[in-house]
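Trainee: Whatever this is, show me its structure:
(one chain, ligands or ions: 2)
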Amino acid sequence: MRSVQIVTVGQPLQAREVPLPIPGNDEIRIRVEAAGICHSDCHYRCGTASVARLPITPGHEIAGRIDALGPGVDELAIGERVALHYLVTCGRCDYCARGLEQFCRSVQMLGKHRDGGYAEYVVVPARNAIPVPDGVGIAEAAIMMCSTATAFHALRKARIAPGDRVAIFGCGGLGLSAIQLARACGAARVYAVDIDPAKLAAAQGYGALPIDPADGPVVRQLRDATGGGVEVALEFAGLPLTQRQAVAALAVQGRAAIAGITQTPFEVDSFGDLINRESEVIGVSDHLRSELVTLMDFAQRGLLDLASVVSQRVALEADAINAILDALAGFRGTSRTVIAP
Ligand SMILES: [Zn+2]
Ligand SMILES: [Zn+2]
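Mentor: Ligands and ions are numbered 1, 2, ... in the order given. A predicted model of the protein is given here:
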């Protein structure tokens, strides 16, 4: 079958013919119909994040149709549309047993430890398959497996409750999903913070109230607008500045969930922000299979619209995919491109 692989770190991906994978016990094979090209894949290509082996097929945002069933799989059928949870876990270790599967002691990620979706077919454990309901597009289902899922996990970690005021820092793929999900969870108001006018306009299109740092200090704008801060702040920009702002904008007993990645620590005013307000700072890592099932339900009920997030489709060709990765690496990509083999 055709695949596009990382063969040498720091070099463009290469088209390679590889053997058709055969599903083993409790595994299924998917005919890939959509594979999202994610910013993480740039990091794997250039080496700022490492893959477990070479060559490897990247791609962790995958949806398609079941094409073959391994021995022991009886709850799924050939031809069924599914999207794939990208974390392959053991199901037996202490973390898995406690429902903390993203910390599984032998966790493997599709497209990083195991061959992923930049190929015609992929084999995964049957329990990684999330059925895609009628009415949910296959490309949307694929991209739901990554940024949308992490945005939802951030809201759940922040214990969002109906009536909460929510501030979202960074309105890329995570932020735009988070706006819709916060509203679906009953947020009274959602404020969107970004320096890019186009992203702020997109956020407004999903019903958020824009906060433009050019109009004055962000924390003061949020405190003035809410009369005392937000109950939930989500940080997706991955900047020490916005992480400080997220904590400083909290109301009494507010929760800041930090999902943006940076190597630089940020400062917290322990007395003014944490002690005085009993506020909380919470880390966010990946997401759970059960959250993906809920997201599919939201999408089917029209609470989550990702169609406008998928901006283009490319064929399973190395040159086309490398060009998209180049654009993402230079932060020139705005929304998602999906490979349609
Ligand atoms: Zn991703
Ligand atoms: Zn485990």
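
Trainee: Per-residue confidence, residue 335, what does it come out as?
Mentor: Per-residue confidence (pLDDT) for residue 335: 67.

Trainee: 20 is where my numbering starts, stick with that
Mentor: Done: numbering now begins at 20, and the last item shifts to residue 354.

Trainee: Compute the number of surrounding residues for residue 78.
Mentor: For residue 78, the number of neighbouring residues by other C-beta atoms under 10 Å comes to 31. Yep, even glycine has a C-beta here, placed from its N, CA and C like the rest.

Trainee: Does it belong to a helix, a strand or coil?
Mentor: Secondary structure, DSSP: H, G, I helix; E, B strand; the rest coil: residue 78 is coil.

Trainee: contacting residues around it?
Mentor: With contact taken as C-beta atoms under 8 Å, 6 or more residues apart in numbering, residue 78 is in contact with 51, 54-56, 60, 129-130, 135-138, 141, 358.

Trainee: per-residue confidence at it?
Mentor: 98.

Trainee: Mind jotting down where the helices sit in the stretch 170-319 of the chain?
Mentor: 192-203, 216-224, 237-245, 259-267, 308-319 (DSSP state H, counting those that start in this stretch).

Trainee: Highest mean neighbour count out of these?
Mentor: A comparison of the helices of the stretch 170-319 of the chain by mean neighbour count, using mean count of other C-beta atoms under 10 Å, puts helix 192-203 on top with a mean of 26.

Trainee: Let me know the average pLDDT across that one.
Mentor: Mean per-residue pLDDT for helix 192-203: 93.

Trainee: and that helix, anywhere near ligand 1?
Mentor: No - contact of helix 192-203 with ligand 1 (C-beta under 5 Å from the ion) is absent, the minimum separation being 8.5 Å.

Trainee: now for that helix, which elements pack on it?
Mentor: Counting contacts by 3 or more C-beta pairs under 8 Å, 6 or more residues apart in numbering; DSSP states H and E, helix 192-203 packs against helix 168-176, strand 184-188, strand 208-212, helix 216-224, strand 249-254.

Trainee: Contact residues of the stretch 20-169 of the chain facing ligand 1?
Mentor: So the stretch 20-169 of the chain meets ligand 1 at 57, 165 (C-beta under 5 Å from the ion).

Trainee: repeat that for 8 Å
Mentor: Within reach of ligand 1 by C-beta under 8 Å from the ion, the stretch 20-169 of the chain has these residues: 55, 57, 58, 59, 60, 79, 80, 105, 162, 164, 165, 166.

Trainee: what separates the closest residue to the fifth one other than its chain neighbours from residue 328, distance-wise?
Mentor: Closest residue to residue 60 in three dimensions, ignoring its sequence neighbours and counting by C-beta to C-beta, 6 or more residues apart in numbering: residue 77, at 4.8 Å. Using C-beta to C-beta, to the nearest Å, one obtains 20 Å as the distance from residue 77 to residue 328.

Trainee: sorry, back to before: the residue nearest to residue 60: what's it in contact with?
Mentor: Per C-beta under 8 Å, 6+ apart, neighbours of residue 77: 24, 25, 32, 60, 63, 64, 70, 130, 131, 135, 136, 137.

Trainee: Tell me who's in contact with the third one.
Mentor: Residues near residue 32 by C-beta under 8 Å, 6+ apart: 23, 24, 25, 26, 64, 77, 137, 337, 340, 341, 344.

Trainee: The second one bridge partners, please.
Mentor: According to DSSP bridges, the partner residues bridging residue 24 are residue 33.

Trainee: can I assume it is in contact with residue 30?
Mentor: No - judged on C-beta atoms under 8 Å, residue 24 makes no contact with residue 30 at a distance of 10.8 Å.

Trainee: These two - which one has more neighbours?
Mentor: More crowded of residue 24 and residue 30, by other C-beta under 10 Å: residue 24, with 21 against 12.

Trainee: Residue 136: what secondary structure?
Mentor: Applying three-state DSSP: residue 136 is coil.

Trainee: Might one say that it is in contact with residue 102?
Mentor: No - Residue 136 lies out of contact with residue 102 (C-beta under 8 Å); the separation is 10.3 Å.

Trainee: Need the overlap of contacts for these two.
Mentor: Listed as contacting both residue 136 and residue 102 by C-beta under 8 Å, 6+ apart are 81, 161.

Trainee: what does the stretch 220-360 of the chain put close to ligand 1?
Mentor: Going by C-beta under 8 Å from the ion, none of the residues of the stretch 220-360 of the chain are near ligand 1.

Trainee: Over in the stretch 220-360 of the chain, which residue gets nearest ligand 1? Let me know.
Mentor: Going by C-beta to the ion, ligand 1 is nearest to residue 355 of the stretch 220-360 of the chain, at 9.2 Å.
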